[in-house]
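Q: no letters, just coordinates:
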C-alpha cells in the first residue's frame, strides 16, 4: 500500500492508503519526487465542474516528476535511475480497487509506459497511442530534477504558444496574471511578439506578473478599456467567458484574433464558442507537450526559464489539505507536494 491524494468529487480532498501501481512488462515503477497543483484543471476535477470523463473517487494530479526504480521485462527506452515526467499511480484509462485516475500524480509511487517498445513490438499502432503515454518523457542527465518540477507547466504553455501564428511583430493582450498568463507573456516575447500586455482583476496578480515575466505592461481589467482597441490578439487563461467578451469588445482590433487556452465550464456545449467567433478570428489552443520536450529542456539547461520564480508553496503529502487551501485562497502561484 501507499499514500495518495484522493478527490471524491464533492469538492474535498483527502489522503488515503491505496494499492501500489500495477506494473506490466512494458511499464516502469517510479518513485515520486513531486507533483504540483494545476490551479485550473485540478480545481475543476475536485469540484466536478467540468466533465473530463474521470471516474470518482480518483487520484489527483498531472504535473508529476519522479525517478524510475524498476522496469518491466520488455522496457527498452527507460532505465532504473532515469528521471521522468508525468508518472501516474493509475493510468487515465484504468480503475484500480474502485479508484479512478484524475491523472494520478499525487501518490508516493507511479508508473510510466514504454509505448515506443510497444509500437516496436507491434503490440500497439502509433496512431493508437494515448496522448498521456506520449507525455511520459525522461529528462536529460545534465538537468537537475530540483529545477524541473515546473516542466509540465512550461511545456503546456510553450506548446500552446507555438500554435499561435503569426506572433512576430504583433501585439498581444494576455488575460490572467497567474502562472499560465505569465508564462504566455514570457514565451510570446521569446518567440518574437512585438508587445505583450498582461491584464487581471487583482493588483497582487499584476505585481507578480511585472516581477516574473518579460511583459511590456500590466493593466487592471477595469482600466484596460482606456487603452482602446490596440491589440492584434487576445490570449485567455482566465476561463471567464464574461471577461473574454469584455476584452474583445474594448481591446482587440477589428478582425483581430482570440486564442483560447483556459477551461470554461460550458465549453462542452456545441454552441459555446459562437459568441467569440462573432467578435474575433477564433482559435482553440490545446497543449501538445511531447512536441516541445527537447526545446523546453534546453531552455532549462540554459537558464532561460526558472522553476524558482513560480513555486511559492511547498508541502508534504500529509499536509495536502493545507496545500490545497493555498490554491483555493489564491495565496500561492504554484503549490507543490514533495514526497
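A: Ah, there it is. On a predicted model such as this, the values are computed, not experimentally measured, just so you know.

Q: isn't residue 64 right up against residue 83?
A: No - assessed by C-beta atoms under 8 Å, residue 64 is found out of contact with residue 83, at 11.5 Å. From N, CA and C alone the C-beta is placed, and that goes for glycine too.

Q: the two: which is more packed in?
A: A count of neighbours by other C-beta atoms under 10 Å puts residue 64 above the other of residue 64 and residue 83, at 29 against 18.

Q: spatially nearest residue to that one (excluding sequence neighbours)?
A: Computed as C-beta to C-beta, 6 or more residues apart in numbering, the closest residue to residue 64 that is not its neighbour in sequence is residue 105, at 3.0 Å.

Q: which residues touch that neighbour?
A: By C-beta atoms under 8 Å, 6 or more residues apart in numbering, residue 105 lies in contact with 32, 35, 59, 60, 61, 62, 63, 64, 86, 87, 88, 89.

Q: mind listing which of these are in strands?
A: Counting by DSSP state E, the contacts of residue 105 place 32, 35, 59, 60, 63, 64 in strands.

Q: reformat those as CSV; add distance to residue 24 and pLDDT.
A: Formatted as CSV, those follow (distance: C-beta to C-beta, whole Å; pLDDT from 0 to 100):
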residue, distance to residue 24, pLDDT
32, 19, 98
35, 22, 98
59, 18, 98
60, 23, 97
63, 24, 96
64, 19, 98
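
Q: out of these, who's the most crowded?
A: Each of the ones in strands among the contacts of residue 105 was scored by neighbours using other C-beta under 10 Å; the highest score is residue 35's, at 33 neighbours.

Q: can you pull the contacts of the spatially closest residue to residue 335 that is not a sequence neighbour?
A: Of all residues not flanking residue 335 in the chain, residue 313 sits nearest, at 4.3 Å (C-beta to C-beta, 6+ apart). Residue 313 makes contact with 323, 326, 331, 332, 334, 335, 336, according to C-beta under 8 Å, 6+ apart.

Q: 6 Å - rerun?
A: 326, 332, 335 (C-beta atoms under 6 Å, 6 or more residues apart in numbering).

Q: who does residue 107 bridge with?
A: residue 4 (DSSP bridges).

Q: quick one, domains of the protein?
A: Domains of the chain are assigned by automatic domain parsing as 2-152+289-338, 164-284.

Q: can I get the ones you listed in a markdown table with distance to residue 158?
A: Below are the domains of the chain laid out as a markdown table (distance: least, C-beta to C-beta, whole Å):
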| stretch | distance to residue 158 |
| --- | --- |
| domain 2-152+289-338 | 5 |
| domain 164-284 | 5 |
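
Q: which of these has the lowest mean pLDDT?
A: Among those, domain 164-284 carries the lowest mean pLDDT, a mean of 90.

Q: what about that one, how long is it end to end?
A: In domain 164-284, first residue to last residue: 10 Å (C-alpha to C-alpha, to the nearest Å).

Q: do the same with stretch 140-160
A: 23 Å.

Q: list the buried ones in it?
A: Across stretch 140-160, burial judged by 16 or more other C-beta atoms under 10 Å covers 143, 145, 147-160.

Q: again with stretch 28-35
A: Buried residues in stretch 28-35, defined by neighbour count with 16+ other C-beta under 10 Å: 28, 29, 30, 32, 33, 34, 35.

Q: likewise stretch 115-124?
A: For stretch 115-124, burial by neighbour count (16+ other C-beta under 10 Å) applies to 115, 116, 117, 118, 124.

Q: for it, give me every contacting residue.
A: Counting by C-beta under 6 Å, 6+ apart, 26, 74, 76, 77, 126, 129, 133 sit against stretch 115-124.

Q: tell me which two in these are the farthest apart.
A: With C-beta to C-beta as the measure, no two of the contacts of stretch 115-124 lie farther apart than 74 and 126, at 17.3 Å.

Q: more crowded one of the two?
A: residue 74 (15 against 9).

Q: surely the more buried one and residue 27 touch.
A: No - judged on C-beta atoms under 6 Å, residue 74 makes no contact with residue 27 at a distance of 9.4 Å.

Q: end-to-end on stretch 72-91?
A: This stretch, stretch 72-91, spans 16 Å end to end (C-alpha to C-alpha).
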